[in-house]
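**Student:** Just a sequence and a predicted model for now, questions to come.
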Amino acid sequence: MCRQLSRSIVAFMAAAFVAGGAIGTTKSPSTSVAPTEVVPKGRLPRNVVPTLAAVSLRIDPAQARFMGAVRLDVKVARPTRTIWLHGRELNVTRATITPKGGPPQRLQVTSADVSGVLRLRADKPIGVGHARIELTYDAPFGQLQGAYRVKAAGENYVLTQMEAQGARNTFPGFDEPGFKQPWNISLTIPDGSQGVANTRLLKTLPAQVGWKTLVFATTEPLPSYLIAFAVGPWDIVDATPLAANAVRSRPLPLRGIAPRGQGARMRYMLERTGETLAAEEAYFGIAYPYDKLDLLAAPDFGPGAMENAGLIVYRDQLMYADEKSPVKLRRTAHGTHAHELSHQWFGDLVTMPWWDDLWLNEAFASWMAVKIVDELQHGRHGDRYLLESSLRAMGQDSLASTRRIREPITVSTDIASAFDGITYDKGGAVLAMFEHYIGADRFREGIRSYLRRHAKGNATSADLVAALATASESPAAVREAFASFLDQPGVPMLQVAVDCSGVAPTLKLEQQRFTPVGSSVSTAGEWQIPLCVRWGEERGDRSQCTLVSGRSATVPLKAASCPSWVMPSAGGYGYYRFALAPADAARLEENFERLDEREQRVYADSVSSAFSAGQLDVQAYLRAAAKLARAPARETATALVDQLEWMLLHLPLTAAQQQALRDMVRQSYGPRLSALATQSQPGETDDDRLMRSELLEVMAYVGRDPELRASLAAKGRRMLGLQMADETTPGDGKLHLDAVEPDQLGLTLRVAMEDGDARVFDALLAHVTASQDGTLRTQLLRAVAGAHQPELQERSRRLLLGPDAVRINEIALVLGERRGRGTELAEDPVVRQAARDWIDTHFEALAARITPYGGRLAKIYANGLCRTADADALQTRFAERLRQLDGGPRTLAQAVEGVRLCAALQARHQGSSWQLP
Ligand SMILES: [Zn+2]
């Protein structure tokens with residue numbers, strides 16, 4: 001492989017930056033495309049393929065624009081005058097092509113589509129063979145995508161987010177995951193700045209006065225979406241190199257990169273990187289594939305993290321997690337870290353050719369992260385986390401607007417839709433189901449052979465499924481079964497009846513697609529399901545796995561006698577829902593204690609899905625909720641609370657009925673909360689701490705326990721420096737983080753604001769302004785969003801636009817995006833409507849600021865809506881606005897459908913009579 005970056009690139013770049021006179025701008029679509037030419041709005045044609053990309057950028061974080069020079073070595077398969085590339089909002093000042101051994105030719109560059117398709121046109125045909133395309137340009141920095149600027153503590157930084165389509169805003173090129181080639185990156189930056197990129201720094205060359213040029217080592221073959229760099233006054237922390245091990249022969253350099261003054265905060269995560277990476281190397285049997293590992297803490301970042309090869313970027317709060325962090329944050333940090341590291345193999349070393357196979361990256365990394373973190377931290381219950389995400393995916397997958405895991409993508413606005421719960425969570429759940437069915441060792445063998453075979457290249461779903469199927473005992477059946485989950489949307493619904501009338505006990509099965517009440521979707525659908533069941537018989541519990549197919553099936557049970565109960569999803573690994581025949585359901589309920597913790601959680605899901613399907617009435621639901629509240633695992637104990645909260649919000653209940661429901665919640669969960677000490681104890685498990693936080697939230701919001709809320713609010717005021725512990729002496733105005741334990745910080749602040757006044761609001765804002773800490777700011781701003789006084793609401797929205805606005809990734813928070821339970825905002829129709837009106841009035845400005853996440857505004861707008869007329873109005877109001885936004889059309893479809901289904905569920909259950917169990 002070519003390791004030297006030739007002098008000619010540096011020279012070319014220097015020349016490029018003095019070249020003047022724009023010859024073409026790519027800002028707006030042009031009509032100059034010949035009518036016979038089809039603009040490739042999805043994948044590019046393969047007639048011209050890159051073999052090397054050299055990108056030289058001149059970046060000053062203090063400026064609004066940057067300059068670039070790009071050299072693309074390509075192979076031309078057929079003579080052509082047109083070359084298609086990607087580039088968006090680039091002002092191209094010069095473009096040439098030089099065939100090998102021939103003279104250079106000027107290229108005319110025009111924009112052919114708003115998604116960033118460039119048409120390069122030569123006067124004379126370009127012949128078959130090798131050629132070099134050279135372009136110089138300048139461009140504006142983006143907003144959380146491409147190369148973008150952020151400010152931290154008054155200083156400017158530049159960093160990048162290329163996935164999915166940010167690269168085309170940063171440099172012209174073949175911006176498609178199917179094109180993998182080595183990259184030579186060099187950055188010309190101000191003398192006082194630091195610069196990092198995917199690979200090691202090779203050398204620093206002097207540039208013009210006050211500037212220097214950093215030349216980085218040639219990368220392994222990479223697609224454009226994995227390219228990354230950063231420029232600014234970063235702290236660069238050299239951590240201890242990661243020791244060699246059984247699969248990696250050399251130590252690996254590891255560094256932390258954070259805004260000036262923040263580097264030391266990465267200590268904990270840097271210290272724990274080695275064990276995570278080593279566990280992944282051991283699983284894959286392949287050494288970490290790149291020459292160094294940098295972890296960057298980004299002060300404003302769209303996603304949680306991004307797996308750029310060799311330079312992973314994280315939201316700063318994840319990299320600042322440590323022993324003292326809230327349990328949830330620390331767990332998210334470990335999980336995200338394991339997720340991104342596993343991408344270095346799954347995604348970076350082996351890459352999907354196109355976005356329809358994104359699940360290969362994301363489902364795998366989601367599943368793998370749980371496996372690795374569980375291995376390293378006993379008692380974390382990662383399998384519970386995976387199960388929760390599987391059940392959450394089933395919720396989304398029940399909609400008509402769901403996608404297939406492997407959804408065809410033909411236009412670029414659909415690419416963003418692929419980054420959803422179906423890709424990550426359903427994909428992960430399906431992998432877990434097949435791992436359980438095939439066996440963990442065989443499954444790992446399949447993964448290893450897939451990675452070895454396609455290393456440094458591209459591979460599809462079919463390649464992965466073939467490798468896993470080959471490793472299994474029944475390749476043909478596994479391949480077909482996999483396809484039935486990848487290539488069709490929806491959740492299988494199994495009707496299950498136990499039949500002991502014959503010689504041997506059997507299960508009678510009927511399958512169809514699960515649909516919630518009011519759904520427009522057909523129940524047609526047939527899957528080949530790895531069905532694992534467990535049952536009780538005289539000699540103990542037994543289980544078996546069978547691959548079932550067809551609308552109806554009969555499965556003989558290898559049981560010695562008629563089972564006393566049957567659990568249709570053994571271990572809770574099935575990606576399907578089930579309903580038992582009434583007598584069998586009653587027997588399962590009686591034997592609830594004999595189910596393992598995952599099975600109990602799946603049982604709870606069968607209750608809530610029956611409620612949303614309209615098959616279970618309010619009375620039966622409340623009876624089940626009261627019983628499940630006593631289940632040992634936190635996730636099961638609180639599984640039905642969300643629908644109780646839904647009833648409080650959306651069923652037309654009398655005040656007495658509301659009170660009765662809240663009383664029931666307090667009676668169910670109060671004793672469990674009392675059984676835990678009020679403060680976390682030394683030696684207490686993380687799980688107890690999470691249980692305490694969860695129960696406090698349920699009691700404060702759904703139970704509306706007045707005493708609890710008063711004590712939380714008092715703590716919150718003390719923390720904000722508004723009052724002392726005696727609750728009468730005024731405080732010192734400073735933030736007292738020690739007044740409350742980290743896990744309860746957010747809840748305490750929210751209750752203090754909801755039950756408080758403008759003084760609390762002012763204190764929250766003052767502390768937001770003073771803080772650069774992402775975690776703390778999130779908690780403070782969530783509380784700000786919960787203020788229900790109209791004038792305070794109005795003031796909170798002033799934080800969203802203008803020069804002193806909050807970070808871009810904090811906007812949704814301030815707008816009251818619903819996360820978890822208990823947003824007062826959603827409960828007060830007047831306040832909620834004012835928020836909607838404001839979004840409506842400021843839509844354009846907001847959408848421009850949060851590009852490419854503008855579609856989320858429709859979801860936030862829809863919070864709390866539950867009438868068919870609202871759904872129609874939502875559609876009308878946002879259809880045109882979201883049509884061209886990345887992921888916009890599907891986001892709107894989901895928001896509209898959510899409102900319709902809410903209305904249907906309300907119609908099904910309103911007026912039903914019930915009494916507390
Ligand atoms: Zn990922």
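**Tutor:** Thanks, I have it.
**Student:** going forward, measure contacts between C-alpha atoms and count neighbours the same way
**Tutor:** Fine.
**Student:** looking at the chain, which residue lies furthest from center?
**Tutor:** Most distant from the centre of the chain: residue 503, at 50.4 Å, with distances by CA atoms, centre = their mean.
**Student:** Quick check, pLDDT for it.
**Tutor:** Model confidence at residue 503, given as pLDDT, is 89.
**Student:** And for residue 510?
**Tutor:** The per-residue pLDDT reported for residue 510 equals 98.
**Student:** now residue 24
**Tutor:** Value for residue 24, per-residue pLDDT: 41.
**Student:** for residue 713, same thing?
**Tutor:** Residue 713 carries a pLDDT value of 96.
**Student:** cool, residue 887 as well?
**Tutor:** Residue 887 is given a pLDDT of 80.
**Student:** count of residues packed around it?
**Tutor:** Here the number of neighbours of residue 887 (other CA atoms under 10 Å) works out to 24.
**Student:** what sits against the residue nearest to residue 635 when sequence neighbours are not counted?
**Tutor:** Excluding the flanking residues, the one nearest residue 635 by CA to CA, 6 or more residues apart in numbering is residue 601, at 6.9 Å. Applying CA atoms under 8 Å, 6 or more residues apart in numbering, we find residue 601 in contact with 572, 635, 636, 639.
**Student:** Report the contact partners of the first one.
**Tutor:** So that's residue 572. By CA under 8 Å, 6+ apart, the contact set of residue 572 is 387, 598, 599, 601, 602.
**Student:** how much space between it and residue 831?
**Tutor:** 41 Å (CA to CA, to the nearest Å).
**Student:** re earlier: can I get the contacts of residue 601 in a markdown table including pLDDT and distance to residue 913?
**Tutor:** Formatted as a markdown table, those follow (pLDDT from 0 to 100; distance: CA to CA, whole Å):
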| residue | pLDDT | distance to residue 913 |
| --- | --- | --- |
| 572 | 95 | 33 |
| 635 | 95 | 28 |
| 636 | 97 | 26 |
| 639 | 96 | 23 |
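**Student:** I'd like to know which of those residues are buried.
**Tutor:** Listed as buried from the contacts of residue 601 are 572, 635, 636, 639; burial here means 16 or more other CA atoms under 10 Å.
**Student:** Among the residues you listed, which ones are in helices?
**Tutor:** The helices, defined by DSSP state H, take in 635, 636 from these.
**Student:** Doesn't residue 108 belong to a strand?
**Tutor:** Yes. Under DSSP: H, G, I helix; E, B strand; the rest coil, residue 108 falls within a strand.
**Student:** Looks like it contacts residue 121 (just checking).
**Tutor:** Yes. Under the criterion of CA atoms under 8 Å, residue 108 makes contact with residue 121 at 5.0 Å.
**Student:** So for the two, which sits in the more crowded spot?
**Tutor:** A direct count of neighbours by other CA under 10 Å for residue 108 and residue 121 places residue 121 higher, at 22 against 18.
**Student:** How about the contacts made by the more buried one?
**Tutor:** Contacts of residue 121 were listed using CA under 8 Å, 6+ apart, and they are 81, 82, 83, 107, 108, 109.
**Student:** ok but it is inside a strand, no?
**Tutor:** Yes. In this structure, residue 121 lies within a strand as judged by three-state DSSP.
**Student:** that older thread, which strand or helix spans the residue nearest to residue 635?
**Tutor:** helix 597-612 (DSSP states H and E).
**Student:** cool, residue 295 as well?
**Tutor:** strand 293-298.
**Student:** Was I right to think residue 801 contacts residue 847?
**Tutor:** No. Between residue 801 and residue 847 there is no contact under CA under 8 Å: 10.9 Å.
**Student:** For residue 477, what is the enclosing helix or strand?
**Tutor:** Going by DSSP H and E, residue 477 is part of helix 475-486.
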